[in-house]
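Colleague: Fold the stuff below for me.
(one chain, ligands or ions: 10)
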Amino acid sequence: MNRIQTTIAAFLIAMAGLAVPADSSAQGSAKKPAAAAPAVPGEKVGPGTQYSEKGADTCLDCHDKDADTLTFSTNGIFKSRHGHRRDKGAPFGPGGMQCEACHGPGHVHSTKGSQEKLTINSQKRDSFVPVAQRNAQCLTCHDSRNRTGWHAAAHEKSGLACADCHQMHTDRDAVMGKTSQPDVCFRCHQKQRADFQKASAHPVKHGLMNCADCHNSHGGSATTASLIKPTLNQTCTSCHADKRGPLLWEHAPVAEDCLTCHNSHGSVRPGLLAKSTPMLCQQCHSASSHPAVARTGASLPGGTGGGAIFTVAGSCTNCHSQVHGSNHPSGSSLTR
Ligand code: HEC
Ligand code: HEC
Ligand code: HEC
Ligand code: HEC
Ligand code: HEC
Ligand code: HEC
Ligand code: HEC
Ligand code: HEC
Ligand code: HEC
Ligand code: HEC
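Modeller: Ligands and ions are numbered 1, 2, ... in the order given. Just a heads-up that it's a prediction; the model follows:
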């Protein structure tokens, strides 16, 4: 069967309604594999329920070095954590299901004359096996700790598969590497790639930070944007502890939401600011006591022009340098 026929057959299976609908796992539990019926009567399609007799030895009969491609090596699995022989929880540990722990029952597939791609869960994007079912295979071992939020998370709801981010047949899963991780995310999140290139940005492009410093891709907490901490400010102050408070003189918006003034990823303005001062401040503070007329020469310090001194150069923060709050006894106006 060539590639096109294969795709058509997979399409027919899906159209016949035999596939588990993509949203099934949103209900909390992945459904049991639907027994796929032959697309053409008499042909064996679908993985069945029977595991191969000799486990990996069966598979490696055909999937040997010769079957490797430039981008894929079957043996790569043995270099990964999953290949550990002594780890009781790992697929290749004592009593493990080996290849079939991830690829599911492989007896039908291993039989000569099988429909190859239509008889095994390849874990790949083009697989005939529905996403929820592919992921369920991984979640039998990984449905804990960092993934307890997976079933409520944006990535799960959008139908992402584990293998959309993770590679298994390698000792270097790019998404696990500090510096290689962002490129995996940028494949889908183009806007964020651009944000991190801006003049002021969290130092992701320098390899000093990555997305997982702020996000749990598996959807850990119920905050916006799957942040690693229960709230946005807690996420920020996990590193910027000096902004946490409690302070003697708090500045209300700071305690409330760092993003009233900052962008999270990057900004064309210094200090990751969302707007420039004085506009930033005058969204909330009236300009009447601290006038902000146009910056003419007359308004420079020593000029004759009066009020607009408040907007010169560094503007409001020239004097209100403690914009995040103050612990100074007389810091009520955030100037010290
Ligand atoms: C009789 C030989 C044979 C045996 C045994 C065998 N395979 Fe395959 N397998 C193939 C062939 C042929 C393909 C199709 C390769 C292609 O077209 O690129 C394939 C494809 C696959 C794919 C990719 C499917 C896809 O949709 O791209 C996976 C995954 C796979 N096999 C896993 C296994 C596992 C796990 C076992 C052991 C349980 C196994 N194979 C045993 C011959 C075999
Ligand atoms: C920990 C889970 C896991 C185990 C164990 C595992 N695989 Fe895979 N395999 C995957 C995932 C995920 C993919 C999808 C592509 C990728 O990640 O590189 C895959 C892809 C494949 C492919 C398709 C390659 C291609 O690009 O067409 C073959 C063939 C394959 N595996 C065979 C095997 C064999 C044989 C074994 C046992 C020696 C095995 N796998 C063990 C997770 C696993
Ligand atoms: C039979 C159980 C089992 C299955 C099935 C399984 N894993 Fe694992 N996995 C483990 C164990 C054990 C480890 C190593 C200890 C740990 O990190 O918890 C591990 C580690 C990992 C790691 C961390 C690797 C590292 O370098 O630290 C990732 C990522 C992962 N698994 C993803 C997957 C994905 C994706 C699938 C499905 C394609 C999958 N696993 C299927 C048992 C399993
Ligand atoms: C959107 C991308 C993405 C998807 C989809 C994804 N992961 Fe991950 N995964 C990551 C990142 C990023 C890390 C590294 C986290 C870190 O460095 O703290 C990770 C780490 C892991 C780890 C090792 C650390 C840990 O949390 O135990 C396991 C195991 C794992 N993922 C399993 C899975 C499984 C199973 C699925 C599918 C249900 C999945 N992942 C889907 C991005 C993803
Ligand atoms: C310093 C912490 C931090 C880092 C590092 C970070 N993010 Fe975010 N990200 C956030 C916050 C906070 C939000 C919520 C923004 C909002 O609600 O407006 C967010 C929102 C998002 C969103 C939702 C859409 C949006 O822009 O509001 C995506 C997608 C995203 N981040 C992707 C990424 C990727 C990809 C990386 C790594 C290259 C990354 N983030 C690194 C803090 C961070
Ligand atoms: C295969 C495509 C794909 C990859 C790869 C991917 N994402 Fe996403 N991501 C999505 C989709 C689709 C959504 C939901 C729609 C949207 O908000 O754009 C999403 C949403 C998000 C959100 C918003 C979550 C929320 O609760 O609102 C964040 C944050 C995010 N992704 C971070 C990441 C990070 C970090 C990585 C890399 C580890 C990553 N993504 C990799 C497709 C992807
Ligand atoms: C994992 C640690 C970490 C987290 C979490 C974090 N940051 Fe940062 N932040 C940094 C680092 C590192 C820098 C760069 C410091 C430098 O360049 O000297 C930085 C710089 C900044 C800057 C100054 C940028 C500049 O150009 O001077 C601002 C503002 C900032 N972060 C705000 C935030 C906000 C808001 C959040 C929450 C959404 C946050 N940070 C979360 C580590 C973190
Ligand atoms: C009312 C607006 C506002 C809010 C809210 C705010 N900031 Fe800022 N932040 C600023 C301004 C303005 C600057 C630039 C200060 C300067 O020019 O000296 C700044 C600078 C920074 C810097 C870099 C310089 C420094 O002081 O270390 C960091 C880091 C920072 N903010 C983190 C945070 C965090 C974390 C939060 C939330 C807890 C937060 N900011 C909330 C206005 C704000
Ligand atoms: C999101 C709205 C908001 C923004 C933006 C904002 N502030 Fe505030 N600010 C407040 C609130 C609310 C208070 C508390 C007012 C009160 O207690 O009467 C406050 C208090 C203050 C005070 C102390 C006032 C007093 O009563 O003594 C100063 C000074 C101040 N802000 C300066 C700034 C500066 C400078 C900026 C720009 C960097 C700024 N604010 C941005 C809302 C904001
Ligand atoms: C030249 C120094 C200076 C600059 C620049 C400045 N302020 Fe002030 N501001 C002060 C002083 C001093 C006070 C305390 C006045 C008092 O206690 O009577 C004050 C008080 C305030 C207060 C408290 C309530 C009020 O109106 O008296 C707010 C709000 C405030 N400033 C906002 C701003 C904003 C917004 C900007 C930028 C447009 C700004 N300030 C620029 C020196 C400055």
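Colleague: ok, C239 to ligand 4 distance?
Modeller: Relative to ligand 4, C239 is positioned 15 Å away (C-beta to the nearest ligand atom, to the nearest Å). From N, CA and C alone the C-beta is placed, and that goes for glycine too.
Colleague: ditto for K54
Modeller: For K54, the distance to ligand 4 (C-beta to the nearest ligand atom) stands at 27 Å.
Colleague: Tell me the pLDDT of that residue.
Modeller: Per-residue pLDDT puts K54 at 91.
Colleague: Could you check how many residues crowd around it?
Modeller: Other residues lying near K54 total 12 when counted by other C-beta atoms under 10 Å.
Colleague: what do you get for V175?
Modeller: Based on other C-beta under 10 Å, the number of other residues close to V175 is 18.
Colleague: isn't it right up against C162?
Modeller: No - with contacts counted by C-beta atoms under 8 Å, V175 stays clear of C162, the gap being 10.1 Å.
Colleague: so is N318 in a helix, a strand, or just coil?
Modeller: Three-state call for N318 (DSSP: H, G, I helix; E, B strand; the rest coil): helix.
Colleague: so how far is P47 from it?
Modeller: N318 sits 69 Å away from P47, going by C-beta to C-beta, to the nearest Å.
Colleague: what about these two, which has more around it?
Modeller: Ranked by neighbour count (other C-beta under 10 Å), N318 and P47 place P47 first, with 26 against 14.
Colleague: Now that one: which helix or strand?
Modeller: Using DSSP states H and E, P47 sits in no helix or strand.
Colleague: got a list of what the residue nearest the centre of the chain touches?
Modeller: Nearest to the mean C-alpha position of the chain, counting by C-alpha atoms, centre = their mean, stands S217 at 3.2 Å. Each residue near S217 by C-beta atoms under 8 Å, 6 or more residues apart in numbering is listed here: 155, 165, 175, 185, 211, 226.
Colleague: if I look at the closest residue to the fifth one other than its chain neighbours, how far off is ligand 1?
Modeller: Read that as C211. Among residues not flanking C211 along the chain, C185 sits closest, at 5.3 Å (C-beta to C-beta, 6 or more residues apart in numbering). C185 sits 25 Å away from ligand 1, going by C-beta to the nearest ligand atom.
Colleague: Kindly report the same for S288.
Modeller: To ligand 1, S288 is 69 Å away according to C-beta to the nearest ligand atom.
Colleague: Excluding chain neighbours, give the residue nearest to G89 in space.
Modeller: In space, G89 is closest to C141, 6.5 Å off (C-beta to C-beta, 6+ apart).
Colleague: how about that neighbour, secondary structure?
Modeller: Going by three-state DSSP: C141 is helix.
Colleague: thinking it is in contact with G93, fair?
Modeller: No - the criterion here is C-beta under 8 Å, and C141 misses it with G93 at 10.7 Å.
Colleague: Quick check: pLDDT value at R145.
Modeller: The per-residue pLDDT reported for R145 equals 64.
Colleague: Show the low-confidence segments of the stretch 201-336 of the chain, by residue range.
Modeller: Along the stretch 201-336 of the chain, segments meeting pLDDT under 70 span 220-221, 223, 291-314.
Colleague: Enumerate the residues of it near ligand 4.
Modeller: 212, 217-218 (C-beta under 6 Å from any ligand atom).
Colleague: ok, and of those residues, which contact ligand 10?
Modeller: Answer for these near ligand 10: none qualify (C-beta under 6 Å from any ligand atom).
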